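[1] Starting from these lines, generate the structure:
(chains A, B, C and D)
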There are 2 protein chains.
Amino acid sequence: MARAATTSDVFNAIAEPQRREILALLREGERSVTEVAQELGMTQPGASKHLRVLREVGLVRDRRAGKQRLYGLHADGLRPVHEWTGGFEQFWNESFDRLDAYVQDLKQTGRAE
Amino acid sequence: MARAATTSDVFNAIAEPQRREILALLREGERSVTEVAQELGMTQPGASKHLRVLREVGLVRDRRAGKQRLYGLHADGLRPVHEWTGGFEQFWNESFDRLDAYVQDLKQTGRAE
DNA sequence: TTGACGCATACCGATATGGGAATATGATTG
DNA sequence: CAATCATATTCCCATATCGGTATGCGTCAA
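    Down below sits the predicted model:
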(Lines give C-alpha, C1' and ligand atoms only; values in the text may rest on other atoms or scores of the structure.)
Protein backbone atom coordinates (compact mmCIF):
# COMPACT_ATOMS: atom_id res chain seq x y z
CA MET A 1 0.00 0.00 0.00
CA ALA A 2 1.09 3.51 -0.48
CA ARG A 3 -1.12 5.86 1.36
CA ALA A 4 -4.70 6.17 2.33
CA ALA A 5 -6.74 7.56 -0.50
CA THR A 6 -6.58 11.31 -0.44
CA THR A 7 -10.27 11.29 -1.02
CA SER A 8 -12.53 10.12 1.76
CA ASP A 9 -10.10 11.49 4.29
CA VAL A 10 -10.19 15.10 5.33
CA PHE A 11 -6.81 14.90 7.01
CA ASN A 12 -5.23 13.91 3.75
CA ALA A 13 -7.19 16.44 1.81
CA ILE A 14 -5.82 19.32 3.84
CA ALA A 15 -2.32 17.90 3.86
CA GLU A 16 -1.82 19.59 0.53
CA PRO A 17 -0.71 23.21 0.86
CA GLN A 18 -2.47 24.29 -2.29
CA ARG A 19 -5.70 22.79 -1.13
CA ARG A 20 -5.41 24.70 2.09
CA GLU A 21 -4.92 27.83 0.05
CA ILE A 22 -8.05 27.09 -1.90
CA LEU A 23 -10.05 26.67 1.27
CA ALA A 24 -8.70 29.92 2.61
CA LEU A 25 -9.59 31.68 -0.60
CA LEU A 26 -13.10 30.35 -0.62
CA ARG A 27 -13.66 31.93 2.74
CA GLU A 28 -14.02 35.15 0.83
CA GLY A 29 -16.81 33.74 -1.23
CA GLU A 30 -17.59 31.46 -4.11
CA ARG A 31 -15.17 31.16 -6.95
CA SER A 32 -15.18 29.56 -10.35
CA VAL A 33 -12.48 27.10 -11.25
CA THR A 34 -10.77 29.60 -13.46
CA GLU A 35 -10.84 32.22 -10.76
CA VAL A 36 -9.29 29.84 -8.26
CA ALA A 37 -6.61 28.96 -10.74
CA GLN A 38 -5.82 32.58 -11.50
CA GLU A 39 -5.91 33.91 -7.99
CA LEU A 40 -3.70 31.15 -6.69
CA GLY A 41 -1.44 30.86 -9.70
CA MET A 42 -2.19 27.35 -10.72
CA THR A 43 -3.26 25.78 -13.98
CA GLN A 44 -6.90 25.18 -14.71
CA PRO A 45 -6.61 21.39 -14.54
CA GLY A 46 -4.62 21.76 -11.40
CA ALA A 47 -7.31 23.78 -9.71
CA SER A 48 -9.96 21.45 -11.00
CA LYS A 49 -8.25 18.41 -9.57
CA HIS A 50 -7.70 19.91 -6.17
CA LEU A 51 -11.28 21.10 -6.10
CA ARG A 52 -12.40 17.62 -6.94
CA VAL A 53 -10.56 16.21 -3.96
CA LEU A 54 -12.00 18.86 -1.71
CA ARG A 55 -15.43 18.15 -3.07
CA GLU A 56 -15.11 14.43 -2.48
CA VAL A 57 -14.28 14.89 1.15
CA GLY A 58 -17.10 17.36 1.46
CA LEU A 59 -15.08 20.46 2.20
CA VAL A 60 -16.39 22.23 -0.84
CA ARG A 61 -19.63 22.34 -2.74
CA ASP A 62 -20.24 23.23 -6.32
CA ARG A 63 -23.20 24.64 -8.13
CA ARG A 64 -23.81 25.48 -11.70
CA ALA A 65 -23.89 29.04 -12.80
CA GLY A 66 -24.27 29.14 -16.52
CA LYS A 67 -21.16 27.85 -18.14
CA GLN A 68 -19.33 28.23 -14.91
CA ARG A 69 -19.24 26.06 -11.88
CA LEU A 70 -18.97 27.92 -8.64
CA TYR A 71 -17.26 26.36 -5.70
CA GLY A 72 -18.12 27.35 -2.21
CA LEU A 73 -16.74 26.50 1.17
CA HIS A 74 -18.44 23.85 3.24
CA ALA A 75 -16.18 23.81 6.20
CA ASP A 76 -18.10 21.47 8.45
CA GLY A 77 -15.63 18.76 7.58
CA LEU A 78 -12.85 20.71 9.23
CA ARG A 79 -14.55 20.43 12.53
CA PRO A 80 -13.34 16.90 13.29
CA VAL A 81 -9.79 18.02 12.63
CA HIS A 82 -10.23 20.96 14.92
CA GLU A 83 -11.65 18.75 17.60
CA TRP A 84 -9.01 16.08 17.21
CA THR A 85 -6.20 18.55 17.62
CA GLY A 86 -8.16 20.10 20.44
CA GLY A 87 -7.82 16.83 22.24
CA PHE A 88 -4.17 17.70 22.72
CA GLU A 89 -4.75 21.18 23.93
CA GLN A 90 -3.93 20.31 27.52
CA PHE A 91 -0.47 19.29 26.42
CA TRP A 92 0.40 22.53 24.72
CA ASN A 93 1.58 24.57 27.61
CA GLU A 94 2.27 21.71 29.87
CA SER A 95 5.89 21.34 28.91
CA PHE A 96 7.19 23.88 31.36
CA ASP A 97 4.70 22.88 33.98
CA ARG A 98 5.95 19.35 33.79
CA LEU A 99 9.54 20.37 34.05
CA ASP A 100 8.53 22.51 36.95
CA ALA A 101 6.74 19.69 38.66
CA TYR A 102 9.73 17.51 38.11
CA VAL A 103 12.04 20.00 39.70
CA GLN A 104 9.67 20.41 42.64
CA ASP A 105 9.63 16.69 43.02
CA LEU A 106 13.38 16.58 43.12
CA LYS A 107 13.42 19.17 45.85
CA GLN A 108 10.86 17.33 47.89
CA THR A 109 12.64 14.07 47.56
CA GLY A 110 15.64 15.82 48.98
CA ARG A 111 17.98 14.61 46.32
CA ALA A 112 20.60 17.11 45.37
CA GLU A 113 20.39 17.25 41.61
CA MET B 1 6.96 16.20 -8.01
CA ALA B 2 4.92 13.81 -6.03
CA ARG B 3 3.97 15.31 -2.75
CA ALA B 4 5.40 17.57 -0.16
CA ALA B 5 7.75 15.68 2.06
CA THR B 6 5.84 14.07 4.86
CA THR B 7 8.52 15.29 7.15
CA SER B 8 8.79 18.98 7.82
CA ASP B 9 5.05 19.28 7.51
CA VAL B 10 2.81 18.61 10.45
CA PHE B 11 -0.25 18.46 8.25
CA ASN B 12 1.24 15.61 6.33
CA ALA B 13 2.51 13.90 9.42
CA ILE B 14 -0.95 13.64 10.90
CA ALA B 15 -2.50 12.64 7.62
CA GLU B 16 -1.52 9.07 8.44
CA PRO B 17 -4.10 7.31 10.61
CA GLN B 18 -1.51 5.20 12.37
CA ARG B 19 0.49 8.24 13.28
CA ARG B 20 -2.58 9.82 14.77
CA GLU B 21 -3.06 6.67 16.79
CA ILE B 22 0.47 6.92 18.06
CA LEU B 23 -0.07 10.49 19.15
CA ALA B 24 -3.26 9.54 20.92
CA LEU B 25 -1.50 6.70 22.66
CA LEU B 26 1.34 8.88 23.81
CA ARG B 27 -1.14 11.09 25.57
CA GLU B 28 -1.21 8.42 28.22
CA GLY B 29 2.50 8.68 28.75
CA GLU B 30 5.83 7.76 27.30
CA ARG B 31 6.22 4.55 25.39
CA SER B 32 9.10 2.59 23.97
CA VAL B 33 9.09 1.70 20.31
CA THR B 34 8.24 -1.89 21.08
CA GLU B 35 5.39 -0.86 23.31
CA VAL B 36 3.96 1.37 20.64
CA ALA B 37 4.22 -1.44 18.15
CA GLN B 38 2.54 -3.93 20.43
CA GLU B 39 -0.23 -1.72 21.71
CA LEU B 40 -1.15 -0.56 18.25
CA GLY B 41 -0.56 -3.82 16.46
CA MET B 42 2.18 -2.76 14.13
CA THR B 43 5.60 -4.14 13.39
CA GLN B 44 8.66 -2.78 15.14
CA PRO B 45 10.10 -1.21 11.99
CA GLY B 46 6.71 0.18 11.21
CA ALA B 47 6.43 1.88 14.57
CA SER B 48 9.99 3.08 14.32
CA LYS B 49 9.40 4.67 10.96
CA HIS B 50 6.25 6.44 11.98
CA LEU B 51 7.91 7.68 15.13
CA ARG B 52 10.74 9.00 13.07
CA VAL B 53 8.36 11.06 10.99
CA LEU B 54 6.63 12.37 14.08
CA ARG B 55 9.98 13.20 15.60
CA GLU B 56 11.13 15.07 12.54
CA VAL B 57 8.12 17.33 12.58
CA GLY B 58 8.55 17.82 16.29
CA LEU B 59 5.39 16.16 17.49
CA VAL B 60 7.29 13.66 19.52
CA ARG B 61 10.46 13.64 21.55
CA ASP B 62 12.66 10.77 22.43
CA ARG B 63 15.01 10.16 25.27
CA ARG B 64 17.28 7.32 26.12
CA ALA B 65 16.35 4.95 28.88
CA GLY B 66 18.92 2.24 28.95
CA LYS B 67 18.54 0.05 25.94
CA GLN B 68 15.20 1.55 25.24
CA ARG B 69 14.23 4.79 23.68
CA LEU B 70 11.18 6.38 25.15
CA TYR B 71 8.99 8.53 23.03
CA GLY B 72 6.86 11.23 24.54
CA LEU B 73 4.28 13.58 23.20
CA HIS B 74 5.30 17.09 22.30
CA ALA B 75 2.01 18.38 21.03
CA ASP B 76 2.91 22.01 20.52
CA GLY B 77 3.16 21.33 16.82
CA LEU B 78 -0.51 20.50 16.69
CA ARG B 79 -1.39 23.97 17.71
CA PRO B 80 -0.99 25.48 14.23
CA VAL B 81 -3.33 22.87 12.86
CA HIS B 82 -5.85 23.62 15.54
CA GLU B 83 -5.60 27.29 14.84
CA TRP B 84 -5.79 26.88 11.11
CA THR B 85 -8.96 24.88 11.29
CA GLY B 86 -10.21 27.32 13.89
CA GLY B 87 -10.03 29.97 11.22
CA PHE B 88 -13.03 28.29 9.64
CA GLU B 89 -15.06 28.04 12.77
CA GLN B 90 -17.40 30.79 11.75
CA PHE B 91 -18.40 28.79 8.71
CA TRP B 92 -19.39 25.68 10.56
CA ASN B 93 -22.95 26.48 11.42
CA GLU B 94 -23.45 29.01 8.75
CA SER B 95 -24.66 26.57 6.14
CA PHE B 96 -28.30 26.77 7.01
CA ASP B 97 -28.14 30.47 7.50
CA ARG B 98 -26.84 30.85 4.02
CA LEU B 99 -29.44 28.59 2.54
CA ASP B 100 -31.97 30.59 4.41
CA ALA B 101 -30.67 33.83 3.08
CA TYR B 102 -30.75 32.38 -0.39
CA VAL B 103 -34.35 31.35 -0.03
CA GLN B 104 -35.24 34.77 1.33
CA ASP B 105 -33.55 36.30 -1.63
CA LEU B 106 -35.57 34.18 -4.00
CA LYS B 107 -38.76 35.30 -2.35
CA GLN B 108 -37.78 38.94 -2.54
CA THR B 109 -36.88 38.66 -6.16
CA GLY B 110 -40.32 37.34 -6.69
CA ARG B 111 -39.30 34.42 -8.82
CA ALA B 112 -41.45 31.36 -8.34
CA GLU B 113 -39.02 28.50 -8.04
C1' DT C 1 -25.77 23.73 -35.84
C1' DT C 2 -21.50 25.55 -35.18
C1' DG C 3 -18.24 27.80 -32.49
C1' DA C 4 -16.53 29.49 -28.23
C1' DC C 5 -16.00 29.04 -23.57
C1' DG C 6 -15.51 26.65 -18.91
C1' DC C 7 -14.47 22.73 -16.74
C1' DA C 8 -13.36 17.74 -16.15
C1' DT C 9 -10.82 13.88 -17.36
C1' DA C 10 -7.11 10.89 -19.37
C1' DC C 11 -2.57 10.11 -19.83
C1' DC C 12 2.26 10.43 -18.65
C1' DG C 13 6.43 10.99 -15.83
C1' DA C 14 8.90 11.68 -11.62
C1' DT C 15 8.68 10.83 -7.05
C1' DA C 16 7.31 9.58 -2.45
C1' DT C 17 4.70 6.70 0.33
C1' DG C 18 3.68 2.63 3.56
C1' DG C 19 4.59 -2.11 4.51
C1' DG C 20 7.33 -6.22 5.03
C1' DA C 21 11.65 -8.71 5.59
C1' DA C 22 16.30 -8.61 6.42
C1' DT C 23 20.01 -6.35 8.33
C1' DA C 24 22.73 -2.86 10.63
C1' DT C 25 23.58 0.02 14.61
C1' DG C 26 23.65 0.88 19.56
C1' DA C 27 23.54 -0.10 24.28
C1' DT C 28 23.69 -3.37 28.13
C1' DT C 29 25.11 -7.42 30.43
C1' DG C 30 28.09 -11.17 31.50
C1' DC D 1 35.08 -9.15 24.14
C1' DA D 2 30.85 -11.78 23.09
C1' DA D 3 26.03 -12.30 23.40
C1' DT D 4 21.68 -10.18 23.72
C1' DC D 5 18.14 -6.98 23.58
C1' DA D 6 16.01 -2.56 21.53
C1' DT D 7 15.83 0.28 17.89
C1' DA D 8 17.04 2.17 13.37
C1' DT D 9 17.90 1.61 8.65
C1' DT D 10 17.97 -0.48 4.15
C1' DC D 11 16.01 -2.70 0.27
C1' DC D 12 12.15 -3.81 -2.46
C1' DC D 13 7.45 -3.72 -4.10
C1' DA D 14 2.94 -1.94 -5.20
C1' DT D 15 0.66 2.02 -5.34
C1' DA D 16 -0.84 6.77 -5.06
C1' DT D 17 0.40 11.42 -5.55
C1' DC D 18 1.10 15.92 -7.99
C1' DG D 19 2.02 18.37 -12.12
C1' DG D 20 1.64 19.25 -16.93
C1' DT D 21 -0.30 18.67 -21.54
C1' DA D 22 -3.73 17.23 -24.41
C1' DT D 23 -8.26 16.09 -24.99
C1' DG D 24 -13.18 15.26 -24.01
C1' DC D 25 -17.63 17.05 -22.60
C1' DG D 26 -21.26 20.16 -21.45
C1' DT D 27 -23.27 24.75 -21.89
C1' DC D 28 -24.35 28.87 -24.01
C1' DA D 29 -24.60 32.25 -27.93
C1' DA D 30 -24.91 33.49 -32.69
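
[2] shouldn't residue A:78 be in contact with residue B:88?
    Yes. Residue A:78 sits in contact with residue B:88 when judged by CB atoms under 8 Å, with a separation of 5.0 Å. The way it works is simple: take the backbone N, C-alpha and C, and place the C-beta from them, glycine included.

[3] Quick check: neighbours shared by those two?
    Both residue A:78 and residue B:88 are in contact with residue A:23, where contact means CB atoms under 8 Å, 6 or more residues apart in numbering or on different chains.

[4] So between the two, which is more surrounded?
    Neighbours were counted for residue A:78 and for residue B:88 using other CB atoms under 10 Å in any protein chain shown; residue A:78 has more, 25 against 22.

[5] Contact partners for the residue nearest the centre of chain A?
    Taking CA atoms, centre = their mean as the criterion, residue A:14 is the residue nearest the geometric centre of chain A, at 4.1 Å. Residues in contact with residue A:14, defined by CB under 8 Å, 6+ apart, are A:20, A:23, A:59, A:78, A:81, B:11.

[6] which of the residues you listed sit farthest apart?
    Across these, the longest distance by CB to CB is 13.8 Å; it joins A:59 and B:11.

[7] and chain A, which residues reach chain B?
    Neighbours of chain B within chain A, by CB under 8 Å from any CB of the partner chain: A:3-4, A:9, A:11-12, A:14-17, A:20, A:23-24, A:27, A:73-76, A:78-79, A:81-82, A:84-89, A:91-92, A:95.

[8] isn't residue A:54 right up against residue A:13?
    Yes. In this structure, residue A:54 is within contact of residue A:13 by CB under 8 Å, at 6.0 Å.

[9] Residues that sit against both of these two, list them.
    When contacts are counted by CB under 8 Å, 6+ apart, the set common to residue A:54 and residue A:13 consists of residue A:19.

[10] Low-confidence regions, chain A specifically.
    Across chain A, residues meeting the criterion (pLDDT under 70) sit at A:1-7, A:94-113.

[11] Strands of that one, start to end?
    Using DSSP state E, the strands of chain A run over A:31-32, A:60-65, A:68-73.
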